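Q: Need a 3D model of the sequence below.
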Amino acid sequence: MHKIPAAHKGDYGIDYYCPKELVAYQCYAVEEPVDIVVRADRQKKKITTDLAKIVLKQTEISKLFLGLPIKHWVLLTPLHDSKDVNLHCAKKTGDLRAANCAALDASFEVAIQDPSAFPSKAVAAGISALSKVTLSIPALSKTELENWAAGSSDLLANVTRKLKKRAAPDQIEDVVADAIKSFLQGNALLDALRSGAPDLHEKVMSAIKSRARRLQFAGPQASGSVGEILHAELDALIAAVQVTAPSISTENAEQIAYGSICEWIMRCPLDFPDVH
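A: You can find the predicted model right below:
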């Protein structure tokens, strides 16, 4: 496998190539978050643009492959979730076969693949860097926090009562303020995800609701101190979000988990044993 750097005179529509297998690879990650339709449109545009480069630069490309015609051109992407892209690949396969390009084999084929097409351990580290979705939200002001507290007295009372089991009397005000901030930031992240990537939002919410149902039915996963219970629930929810939606960044997964658990504390699914 050989890499073609794009820094000097472009990459010929190829990032990596294998003369032995006569395969050309192009890597592409859509800037997330986007919905399925937008992602598919951008992938189709990338395929069209880069295949045109191969036709344009066929003489140079033939030299890379030692005069042998390419049999496969593959777009590698972190997420492939639209059959429209498969149809576009089929169309471009037919177009390029009909073009009688000297650099391409008569059975030349265009394809798109994501990590599911490869051994997961072999590609996880590299693909994760391309596939991570990182959302940012504005910092909450003191006024916003105070307005929420003023309008949510029942939730504030709930979180204060429960976190008194975790914090010392001189710390409780700060601990409650942090919980409110985490709750509001988590909700803001979920709202941003719903707007920008509804498919990912659905997966994340499914993971959160599943954990909440289990918690309400069976109680906390861990027994012991309040801290042990919180650590166990945070670790479990972060892992559940990352497994269900691996393209969510670790930072965002943690923020969403903190926000959700603070909501559970406020709305009752999560409570702690009394401290004696």
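
Q: only C-alpha atoms for contact and neighbour calcs from this point on.
A: Fine.

Q: if I look at residue 210, how far off is residue 204?
A: 10 Å (CA to CA, to the nearest Å).

Q: Between those two, point out the one with more neighbours.
A: residue 204 (26 against 13; other CA atoms under 10 Å).

Q: Okay, and the closest residue in space to the more buried one that isn't next to it in sequence sits in which element?
A: Among residues not flanking residue 204 along the chain, residue 241 sits closest, at 5.7 Å (CA to CA, 6 or more residues apart in numbering). In this assignment (DSSP states H and E), residue 241 forms part of helix 226-244.

Q: How about residues contacting the longest helix along the chain?
A: Of all segments of type helix in the chain, defined using DSSP state H, the longest is helix 172-196. Residues outside helix 172-196 that contact it (CA atoms under 8 Å, 6 or more residues apart in numbering): 32-35, 135-137, 140, 145, 159-160, 163-164, 167, 200-202, 252, 255-263.

Q: Residue 110 belongs to a strand?
A: Yes: secondary structure of residue 110 (DSSP: H, G, I helix; E, B strand; the rest coil): part of a strand.

Q: Would you mind naming the residues that bridge with it?
A: Under DSSP bridges, the beta-bridge partners of residue 110 are residue 73.

Q: distance of residue 6 from residue 56?
A: Distance, residue 6 to residue 56, using CA to CA: 16 Å.

Q: With residue 2 instead?
A: Separation of residue 2 from residue 56 (CA to CA): 21 Å.

Q: which intervals of this structure have sub-threshold pLDDT?
A: Counting by pLDDT under 70, the chain contains low-confidence residues at 10, 120-133, 222, 269, 273-276.

Q: gap between the most centrally placed residue in it and residue 253?
A: Most central in the chain under CA atoms, centre = their mean is residue 247, positioned 1.6 Å from the mean C-alpha point. Per CA to CA, residue 247 is found 10 Å from residue 253.

Q: So which bits of stretch 138-148 are buried?
A: If you call a residue buried by 16 or more other CA atoms under 10 Å, then stretch 138-148 has no buried ones at all.

Q: Ok, stretch 55-64 next?
A: Here stretch 55-64 shows 55, 58, 61, 62, 64 as buried, counting by 16+ other CA under 10 Å.

Q: now it: how far from the chain's centre is it?
A: When distances are taken as CA atoms, centre = their mean, to the nearest Å, stretch 55-64 is centred 36 Å away from the chain's centroid.

Q: before we move on, what about stretch 220-233?
A: For stretch 220-233, the separation from the chain centroid amounts to 28 Å (computed by CA atoms, centre = their mean).

Q: What is the end-to-end distance of it?
A: 7 Å.

Q: thinking again about what came up before, contact partners for the residue nearest to residue 204?
A: 204, 207, 208, 248, 253, 257.
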